[in-house]
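> Compute the structure for the input listed below.
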Amino acid sequence: MLKNYLDRQAVKMCSAKDWQEAIEKAAQPLIEEKKIEPAYLQRTLENVRQLGAYIVLAKGIAVAHARPGEDVSASCVSMMGLEQPIPFGHKQYDPVHIVLMMAAPDDTAHIQLMMEIAQKLSQTEVMQALEKAENEDQLFAAMTWGEE
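Here you go, the predicted structure:
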């Protein structure tokens, strides 16, 4: 269940001037909680610089992440709702209005967490609720929809 990795206090609304600032702001709650180190954020940003908008996985949604490493202490997710959508450079799914930051300490946990996020984003009800969400509580409710 995604609720095991996404704490309500790690869901925020903000504005950002570009994709880099959006990812930085999405990572901030996880850095503050010491679940990831700033080095993980830097590796994530470098991946996007090198590989492009591969992190944009669905219409308007980016899942920022890097390979597991010593700079991750726990499997975790944070979520940033953008007040104004931002282009990430994806032909089909731009602009992005929600950025998830995902991290896991090992390959198995990384794959499991990515699968949970993908399953959640494949649900029509979740995608519709995310698109309509206007505040942090609504974002959290959308991403944890159907979970007890």
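> Show me what the residue positioned nearest the centre of the chain is bridged to.
By C-alpha atoms, centre = their mean, the chain has its centre lying nearest to L100, at 0.8 Å. Counting by DSSP bridges, L100 is bridged to V63, M79.
> Next up, the contacts around it.
26, 61-64, 77-80, 117 (C-beta atoms under 8 Å, 6 or more residues apart in numbering). From N, CA and C alone the C-beta is placed, and that goes for glycine too.
> For the stretch of helix or strand D137 belongs to, buried residues please.
Assigned by DSSP states H and E, D137 belongs to helix 136-143. By neighbour count with 16 or more other C-beta atoms under 10 Å, helix 136-143 contains the buried residues 136, 138-143.
> tell me which of the contacts of L100 is nearest to V96?
Of all the contacts of L100, V96 sits closest to A62, with 4.8 Å by C-beta to C-beta.
> Now for the closest one, how many residues are close by?
Residues lying near A62 (other C-beta atoms under 10 Å) number 29.
> what does L45 give?
If we define neighbours as other C-beta under 10 Å, then L45 has 17 of them.
> and what of A39?
The burial count for A39: 13, using other C-beta under 10 Å.
> Likewise for W19?
25.
> Isn't I23 up against V99?
Yes. Between I23 and V99 there is a contact under C-beta atoms under 8 Å: 6.1 Å.
> Look at Q50 and tell me its secondary structure.
helix (DSSP: H, G, I helix; E, B strand; the rest coil).
> any idea how far it lies from R43?
Using C-beta to C-beta, to the nearest Å, one gets 11 Å for the distance from Q50 to R43.
> Tell me how far M127 lies from K91.
Distance from M127 to K91, by C-beta to C-beta: 19 Å.
> returning to what we had before: against which helices or strands is the helix holding D137 packed?
For helix 136-143, the elements it packs on are strand 6-14, strand 76-86, helix 124-132, judged by 3 or more C-beta pairs under 8 Å, 6 or more residues apart in numbering; DSSP states H and E.
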